[in-house]
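Peer 1: Take this sequence and fold it.
(one chain, ligands or ions: 1)
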Amino acid sequence: MPLPVPVLPDGVDPAWLPPAAFEAIGRRRTLIRGSGLLVDTVHGEVAEACARFGGSVVRDASPEPCDLVLDVSGTDDGEAFTLKRAEGRTTVTASGRHGLLHGLFHLVRLGEEAFRGERAAHTHRPAVALRVLDHWDNVAVHPVMGQVERGYSGGSLFWRDGRARGDLERVRVYARLLAACGINAVTVNNVNVHATEARLLTERIGDVARIAEAFRPYGIRTHLSVSFAAPILLGGLDTADPLDHGVRRWWERATAEVYAAIPDFGGYLVKADSEGQPGPFAYGRSHADGANLLAAALAPYGGTVRWRAFVYDHRQDWRDRSTDRARAAYDHFVPLDGEFAANAVLQVKHGPMDFQVREPVSPLLGAMPGTRLAVEMQATQEYTGQQRHACWLGPMWSEALRFRPEGTDPVGGLSDGLVAVSNAGADPFWTGHPLAQSNLYTFGRLAWDPGADPLAILDDWIGLTFGPDPAEGVRAVLAGSWRTYEKYTAPLGVGFMVQPGHHYGPSVDGYEYSPWGTYHFADRDGIGVDRSVATGTGYAGQYAKPWAEVYESPASCPDELLLFFHHVPYGHVLHSGKTVIQHIYDTHFEGVEEVEEAREVWGSLGQSVDPERHARVTERFAEQLRCAREWRDQINSYFLRKSGVPDERGRALY
Ligand code: GCW
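Peer 2: Predicted coordinates for the structure are as follows:
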């Protein structure tokens, strides 16, 4: 039986799956072979497309003349599919049902192209098995963080005012969008697990089960963030010690209940001993002990625990120059390499600090050959414009995934999971800024193929979302937008300089005398953090050669990371030939000019973009420009005042 396609609620943007995207399939005669829920989903998709565009679809019939065959021979969970075209017929074959679903969405991307000429058989399979979106959604509205922590897209898609939403049709639509870009798992609550959210594991597991049901037809498995202190908070035990027998029993029983409610449950996500969350340190145990406790409870069901490596001292004394937050993940976790269970995955932020516009790749990636690793990215634009600024992160992620630590695969290839903190919410455009949908889409496709060209992915997204007319303009607006954002914000990899708390807009010294370990050390002579081995914190030495050497010296360190690794005088000459101070002035003027240009290009697309989308983006550009000018003027004036060095070009500084 075909499963009906979820209905887009009134006023909600269709994103990258507008009806037109299904025209090529909907005009054909299709034969579907196979059985099971996901095959029913595929059948429903094709049937709806045919109803709209005049084609036809039959299931398990004898071969009649047809243009497209979608054939699943096995019943496993395999995600690969093979596409070919011969004798006027396009065929997708898969050994597993998930593969058939991915094959369908691949055809959607190809459009008419899929039905032209001949095509040799080619098998597509994801490079990374676990491709997850973590939602930092709270069930109950948090007094400071609201419904969604670092969310810039309205409320949560799942939760409202302390409960699961009654109508989950929109979650079904979301599941469909995610499947269409390659995502196969979702975590439905914040890694900061507050009191109400802790209960999702036990008495409120029914809510999670309902959400899991909405995701299931699109092949997406549900994961849950849990509190390490759950045995105390929920079980009434007096300890959460991972080596305590009662604690182990408690997790086993709780996990059995979870699987009774959600048989295809994906697993747990844990933020432990981090920014105030409970963890194994309280009992003198290691993070491997902690992770293995949950891994053991999940193992009988095939579940996975993702354990976050974001562990650092968030109560640092700013006077203390010996502690370096960038070192923390490596220092904590590398000694534990080889100790984690087979179904434990260490989830590492792609940079050593915290999702800044420019960071080096975390040295932990590549340094733990005996541990399964997942790389965490941030689609939600906490430090990259909060979805008020157009900032397409594809090139940044791609650079990180292609980074090759010495002696291993590139980061994308050594990962067992790719994770993004979701930027989607209840906003009618899903992501607040309609162009931020490109980040969600790009993440999914890069997770499937970390070596893919991000610009080609951007073009796919534009084609599906906008059609051909405005394509060139939208590409011009987004392609360089990450580098533009970098130009008008914190320079040369130094990071932060944001307003404390909410992290939007400039405040050069906002975190300079704070406990968070995020400093730039600007004085009248120079700026930057000395992380060299010779004279600094030694962080550069956490990399294997050649990177340790490249980063150790200002002479070989790439310009864009210079201030991350070194403290240099304002007159230091970059590889570009400019001094640091002149680079700061120039990039800040350029960044604002680039926003002005992008805004103009967007303005010229009024005829070819639908009016609601056009208006929303126009409104966001006004704010982006205002904010970019604020960044430019604060940063430039700050450094003029500190250094006393005038702008070579005599532009207005304050
Ligand atoms: O960047 C920081 C964010 C916190 C977040 C934390 C984390 C969920 O400001 O909001 O908490 O990182 O990644 O755990």
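
Peer 1: centroid residue for this protein?
Peer 2: Ala420 (2.1 Å; CA atoms, centre = their mean).

Peer 1: partners of it in the sheet?
Peer 2: Beta-bridge pairing for Ala420 (DSSP bridges): Leu133, Met377.

Peer 1: Now do the same contact list for it.
Peer 2: By CB atoms under 8 Å, 6 or more residues apart in numbering, the contact set of Ala420 is Val132, Leu133, Asp134, Glu376, Met377, Gln378, Ala379, Leu440, Phe443, Ala447. Just so you know, the C-beta spots here come from the backbone N, C-alpha and C atoms, and that holds for glycine as well.

Peer 1: Including pLDDT, could these go into TSV?
Peer 2: Below are the contacts of Ala420 laid out as TSV (pLDDT from 0 to 100):
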residue	pLDDT
Val132	98
Leu133	98
Asp134	98
Glu376	98
Met377	98
Gln378	98
Ala379	98
Leu440	98
Phe443	98
Ala447	98
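
Peer 1: Give me the subset of these that also touch the ligand.
Peer 2: Among those, not one lies near the ligand by CB under 6 Å from any ligand atom.

Peer 1: Quickly note the distance from the residue nearest to the centre of the chain to Ala288.
Peer 2: Distance of Ala420 to Ala288, given as CB to CB, to the nearest Å: 25 Å.

Peer 1: CA atoms only: put stretch 68-81 into CSV for me.
Peer 2: The C-alpha trace of stretch 68-81 is given here as CSV (Å, rounded to 0.1, in the frame of the first residue of the first chain):
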residue,chain,number,x,y,z
LEU,A,68,11.4,3.5,-14.4
VAL,A,69,11.9,0.4,-12.2
LEU,A,70,12.5,0.8,-8.5
ASP,A,71,13.5,-2.6,-7.2
VAL,A,72,14.5,-3.7,-3.8
SER,A,73,15.5,-7.3,-3.7
GLY,A,74,16.4,-7.8,0.0
THR,A,75,14.9,-6.7,3.3
ASP,A,76,18.0,-5.5,5.1
ASP,A,77,18.8,-2.0,6.2
GLY,A,78,21.4,-1.4,3.5
GLU,A,79,21.6,2.2,2.2
ALA,A,80,23.3,1.6,-1.1
PHE,A,81,21.6,1.7,-4.4
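
Peer 1: hmm, who's touching that stretch?
Peer 2: Stretch 68-81 is contacted by residues 25, 28-36, 39, 42, 46, 89-100, 102-104, 106-107, 115, 123-126, 184 when judged by CB under 8 Å, 6+ apart.

Peer 1: which one is Glu213 nearest to, not counting chain neighbours?
Peer 2: Leaving out its chain neighbours, the residue that sits closest to Glu213 by CB to CB, 6 or more residues apart in numbering is Leu168, at 8.0 Å.

Peer 1: Model confidence for the residue nearest to Glu549 when sequence neighbours are not counted, exactly?
Peer 2: With CB to CB, 6+ apart as the criterion, Glu549 has its nearest non-adjacent residue at 6.8 Å, and that residue is Ser556. pLDDT for Ser556: 98.

Peer 1: Ser556 against Trp547, yeah?
Peer 2: No: using CB atoms under 8 Å, Ser556 is not in contact with Trp547, being 10.1 Å away.

Peer 1: More neighbours: the two, which one.
Peer 2: The neighbour comparison of Ser556 against Trp547 (other CB atoms under 10 Å) goes to Trp547, with 19 against 11.

Peer 1: Return the residues in contact with that one.
Peer 2: Neighbours of Trp547 in contact, by CB under 8 Å, 6+ apart: Pro363, Pro405, Glu406.

Peer 1: what does the protein put close to the ligand?
Peer 2: By CB under 6 Å from any ligand atom, the residues of the chain that approach the ligand are Trp136, Glu149, Arg150, Val191, Asn192, Lys271, Glu275, Phe310, Asp354, Glu382.

Peer 1: Hmm, Asp137 and the fourth one touching each other?
Peer 2: No: the pair Val191 and Asp137 does not pass the contact test of CB under 8 Å, sitting 10.4 Å apart.

Peer 1: State the three-state secondary structure for the residue lying closest to Phe310 once chain neighbours are set aside.
Peer 2: In this structure, Phe310 finds its nearest non-sequential neighbour in Ser274, 5.2 Å apart by CB to CB, 6+ apart. Using DSSP: H, G, I helix; E, B strand; the rest coil, the structure places Ser274 in coil.

Peer 1: In this structure Ser274 contacts Ala309, no?
Peer 2: No: Ser274 lies out of contact with Ala309 (CB under 8 Å); the separation is 9.0 Å.

Peer 1: measure the residue nearest to Phe310 to Val92 for me?
Peer 2: Relative to Val92, Ser274 is positioned 43 Å away (CB to CB).

Peer 1: and those two? which has more neighbours close in?
Peer 2: Between Ser274 and Val92, counted using other CB under 10 Å, Val92 has the larger neighbour count: 24 against 19.
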